[in-house]
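> predicted model and sequence follow; I will ask about them next.
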Amino acid sequence: MRTEQITSDITIVGAGLSGICAAIAAARLGSTVSLINNRPVLGGNSSSEVRVWVCGATAHGTNRYARETGIMGELFLENQYRNPEGNPYLWDLVLLEAVRAEERISLFLNTDVHEVEAEGTEEDRHIRSVTGWMMGSERRIRFESPVFLDCSGDGLVGFLAGARYRLGREAAHEYGEEWAPETADQITLGSTLLFYTQDVGRPVRFVPPSFAKNIEETPIPIKRVIRSGDSGCHYWWIEWGGELDTVHKNERIRDELWSVIYGIWDYIKNSGQFDAETMTLEWVGSIPGKREYRRFMGDYVLNQNDILAQEPFADRIAFGGWSIDLHPPQGMYAEDSGSKHMHADGIYHIPYRSLYSANVSNLLFAGRNVSASHVAFGTTRVMATCAVMGEAAGTAAALCAAKGVSPRLIHNQHLKELQQTLLRQDASVIGLQNEDRQDLAPKAVVTASTACMTIAIDQPVASYRLERDIGILFPVDPSLQGMELLVSAEEDTELQVELWDTGREENYVPAKQITETTIRVTQGEEQWVHVSIQWEPVHSQNAFVVIRQNDRIRLYQSSQQVTGVLDFEKGAAPHAVASLEDHDESQPVVAWSMKALNRKPFCFKITGKTDAYLPEKVIDGYKRPYGGPHSWMSLPLNENENGEAWVELEWEDAVSIREILLTWNDDVNEDLINLHHHRTPFEIIPELVKAYRIEAEVEGKRVLVESVKDNHRRTNRIALKNFVSTSNLRIIIEETNGGSCAELIEVRVYS
């Protein structure tokens, strides 16, 4: 046996998406990181070994402007660029390359940590080391660090260290949760195995194994959806084990799931009820994808009421948006639907206090083991949300290591620094502004070659009969003086229009009605009708205009994409298969759906001008839509001189520049997925700037500082080889990846 000892600033156990994002975040901040994974590939439940698609705050397009940024956002964009078909093995590669790109990360695959050395009292524990066995290499490795992260999912490290945790469901009275049971119990969400199918174009027979279950003797064919062309996560409901111990009965659960998978395939192939003659099994999982086990106790336990209230925690460090999604304990054998869902009115915030242990002083955690009640865990457990918590935990760990303090002291003494560091990294935090004193950009005067000063979608490509209520959302900055709609009317009629606010800056649903009007529409084709609605809100925010159903009227849709404008249908279609998922269709984000209208906006114009896209938006401190787009947008490039557009920063006195951070618009409203849920019609977000150059004025001459071609990333970090002393910096956009206008969210400048 070979015994080794590794010392680093931070040790992270578990390299699912939370562990990966934690490691990358910490390494980029200068920490040395030991990243340990007990499997041969990265990604946890998203890896090619399990193949669960990465869900997050978008909730498959239910939430608006909700896709994660930061490291998880980088992974989404890179996978879309490299792997638009959703190949699981190429997803593995995207993750591996992201980790290997950080030279401060030492990666230990196939290394199972099962020993923890900790000391102290029950109320004040401290981890000294963890030890793992590297399978296949016969290496016993002891890892020492001042800070440890448990991103293992099951929470073995924290458990062995003596960290307080919960297992199962809390009683309703503990946190006042409507969806909690009256009495606490040990029930958890179950585990799932998936399978892939393939049409090989010739007849294929299937002889089931002896252990295949006859599913016709179960409720499965009646209560679940089985189709011959489905595979992968379409069968997320092949779930079992919630009434068992999902760790200690893992093998028993796997065997039961296998028996059902082969039974389902036998049913598809041999029952005669499906067109599956040329279909074959391409892949069957062998590692159950666990949903739930230990949940550690932090200084705060996130609960159902926090989610639904969208509690704006002072220590918020990330956000989620998946519904509270709970499954019946019996899993696939339940008579009930496979899941029931409760939605907030938009994204919710996650507090830093839920990411560190209440009684182990140097332990942080991220992923499905964070400090949340069972009900709140029903939403925080999805992997993109685990990933953004991982980035926050890794960032906090780096600050702990650099300052020599505990995670709790980061909260008590350095919280603002943590949040500002996350914003600088473009992490998924909403509603906080840049207050980085080292950033020179806010001290400059910002101008641009052009700026979009109107909102006008006026190029129709298709008509739309107004058979249901529709909604149009757009920024009001600073006021609304009226709007126009492009309509056709079969006869003289009336159109009812209402103006609503959205209640909260992070929400995109009608909340409070401001005014309403009824307008007369005369018979005729493609006529612009004026809607007399005015609004002068106290501060700039989004308007939600509701146009009530009238099937004698047709609106018009366009292919023009305008950042900050969203369109909705009310009650357009059920959220999911009713027998499989139980959604309350009256919940606003479900009732008002944008899915069928994404990138197909209605033709309308606002009266007068807007300040929503002025160049100074690039230094207003916001990196995500929040009551408005917070982005500069030029006029169409083909209307600009030389087909280019520019933003310029002018300082009163010369500044010395060494680093420039640019955040481009990657349309965080676009739902991306890592595997096979759907494919976007483009491999790069069209609004992303493709080619640009940066020039500075030095001794009266314009000097090229940097030139970038073929960009497909949201954040560009430009570290200059030498300092540049200048009072004028110009960013010149030459080409986008398909968008008509140049768009820039934020500029930061550092010396």
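Arrived safely, thanks for sending.
> please enumerate the strands of the stretch 201-350 of the chain.
Under the criterion DSSP state E, counting those that start in this stretch, the stretch 201-350 of the chain contains strands at 239-240, 279-284, 289-290, 295-296, 316-320, 324-326, 339-342, 348-351.
> switch these over to TSV; also include mean pLDDT.
Listed next are those as TSV, based on pLDDT from 0 to 100:
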stretch	mean pLDDT
strand 239-240	98
strand 279-284	97
strand 289-290	97
strand 295-296	98
strand 316-320	98
strand 324-326	97
strand 339-342	94
strand 348-351	98
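> can you tell which of those strands is closest to N642?
Closest to N642 of these is strand 316-320 (Cβ to Cβ; 40.0 Å). No exception for glycine: its C-beta is placed from N, CA and C like everyone else's.
> now do that closest one: everything it contacts.
56-57, 66, 307, 347-352, 355, 379-380, 382, 385, 388-389, 391-392, 395-396, 418-419, 422, 427-432 (Cβ atoms under 8 Å, 6 or more residues apart in numbering).
> for that strand, C-alpha coordinates in CSV please.
Listed next in CSV are the C-alpha coordinates belonging to strand 316-320 (Å, rounded to 0.1, in the frame of the first residue of the first chain):
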residue,chain,number,x,y,z
ARG,A,316,-28.1,36.2,-0.3
ILE,A,317,-25.4,34.6,-2.4
ALA,A,318,-27.3,32.7,-5.1
PHE,A,319,-30.8,32.1,-6.4
GLY,A,320,-33.0,29.2,-7.5
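> so in that sheet, which strands flank it, and in what orientation?
strand 348-351 (antiparallel) (DSSP bridges).
> how about the helices in the stretch 501-650 of the chain?
Per DSSP state H, counting those that start in this stretch, the stretch 501-650 of the chain carries helices over the ranges 588-591.
> which residues in it form strands?
Counting by DSSP E, counting those that start in this stretch, the strands of the stretch 501-650 of the chain are 512-521, 524-531, 541-547, 553-558, 566-570, 581-583, 592-593, 604-606, 632-636, 645-664.
> report the inter-axis angle for the fourth one versus strand 524-531.
Between the axis of strand 553-558 and that of strand 524-531 there is an angle of 90 degrees, by axes from the mean of the first three to the mean of the last three Cα atoms, to 10 degrees.
> residues in contact with W535?
Taking Cβ under 8 Å, 6+ apart as the test, what W535 contacts is V476, S479, L480, L499, I514, T515, A543.
> grab the nearest non-local neighbour of it.
L480 (4.3 Å; Cβ to Cβ, 6 or more residues apart in numbering).
> partner strands of the helix or strand of the chain with the lowest mean pLDDT, with direction?
Here the helix or strand of the chain ranked lowest by mean pLDDT, DSSP states H and E is strand 581-583, holding a mean of 87. With DSSP bridges as the test, strand 581-583 is paired with strand 339-342 (parallel).
> what about the strand it pairs with, distance to the chain center?
Computed by Cα atoms, centre = their mean, to the nearest Å, the separation of strand 339-342 from the middle of its chain amounts to 19 Å.
> pull the residues that contact that strand.
Contacts of strand 339-342 (Cβ under 8 Å, 6+ apart): 179, 237, 304, 308, 323-327, 575, 580-584, 587.
> contact partners of whichever strand or helix holds W500?
For W500, the element it lies in under DSSP states H and E is strand 493-501. Surrounding strand 493-501, the residues in contact under the criterion Cβ under 8 Å, 6+ apart are 480, 485, 487, 510-521, 529, 531, 533, 535, 537, 541-548, 550, 552-553.
> can you tell me which of those are buried?
480, 485, 487, 510, 514, 519, 521, 529, 531, 533, 537, 541-548, 550, 552-553 (16 or more other Cβ atoms under 10 Å).
> returning to that earlier point: nearest to E335, of the strands of the stretch 501-650 of the chain?
The nearest among the strands of the stretch 501-650 of the chain, by Cβ to Cβ, is strand 581-583 at 12.6 Å.
> can you pull up the bridge partners for F544?
Per DSSP bridges, the residues bridged to F544 are L473, W500.
> just checking, it touches L473?
Yes: in this structure, F544 is within contact of L473 by Cβ atoms under 8 Å, at 5.1 Å.
> what residues are shared contacts of these two?
Going by Cβ under 8 Å, 6+ apart, residues that sit against F544 and also against L473 are T502, Y508.
> R368 against F377, yeah?
Yes: here R368 reaches F377: they are 7.1 Å apart, a contact under Cβ under 8 Å.
> who has more neighbours, the two?
Using other Cβ atoms under 10 Å as the criterion, R368 and F377 rank with R368 on top: 30 against 26.
> element containing that one, please.
Using DSSP H and E, R368 falls outside every helix and strand.
> tell me which of the contacts of strand 316-320 fall in helices.
307, 379-380, 385, 388-389, 391-392, 395-396, 418-419, 422 (DSSP state H).
> between the residues you listed, which is nearest N412?
L418 (11.1 Å).
> ok, now which ones touch that closest one?
L418 neighbours (Cβ under 8 Å, 6+ apart): I317, Y352, A392, T395, A396, L399, I410, H411.
> show the buried residues in those residues.
For the contacts of L418, buried by 16+ other Cβ under 10 Å: I317, Y352, A392, T395, A396, L399, I410, H411.
> of all these, which comes closest to N87?
A392 (29.6 Å).
> isn't that closest one right up against L355?
Yes: with contacts counted by Cβ under 8 Å, A392 reaches L355, the gap being 6.3 Å.
> any residues in contact with both of the two?
With Cβ under 8 Å, 6+ apart as the test, A392 and L355 both reach I317, A366.
> shaky segments in the chain?
Along the chain, the parts satisfying pLDDT under 70 run over 573-579.
> 90 - rerun?
Counting by pLDDT under 90, the chain shows low-confidence ranges at 1-2, 222-223, 229, 336, 571-586, 639-642, 676-679.
> domain assignment for the chain?
Per automatic domain parsing, the domain ranges recorded for the chain read 2-164+297-321+344-424, 191-290, 441-450+613-750, 456-606.
> most tightly surrounded among those domains?
domain 2-164+297-321+344-424 (a mean of 22; mean count of other Cβ atoms under 10 Å).
> how far is it from where the chain is centred?
A distance of 15 Å separates the C-alpha centroid of domain 2-164+297-321+344-424 from that of its chain, computed with Cα atoms, centre = their mean.
> host element of I731?
Here I731 is assigned to strand 715-736, by DSSP H and E.
> give me the next element, helix or strand, following that strand.
Following strand 715-736 toward the C-terminus (DSSP H and E): strand 741-750.
> quick check: angle from that next one to strand 632-636?
Interaxial angle, strand 741-750 versus strand 632-636 (the same axes, to 10 degrees): 150 degrees.
> which elements pack onto strand 741-750?
Applying 3 or more Cβ pairs under 8 Å, 6 or more residues apart in numbering; DSSP states H and E, we find strand 741-750 packed against strand 632-636, strand 645-664, strand 689-698, strand 715-736.
> could you dump those strands to TSV with distance to E670?
Formatted as TSV, those follow (distance: least, Cβ to Cβ, whole Å):
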stretch	distance to E670
strand 632-636	17
strand 645-664	14
strand 689-698	16
strand 715-736	15
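> so for L257, which of those sits nearest?
Nearest of the helices and strands packed on strand 741-750 to L257, taken as Cβ to Cβ: strand 715-736 at 40.0 Å.
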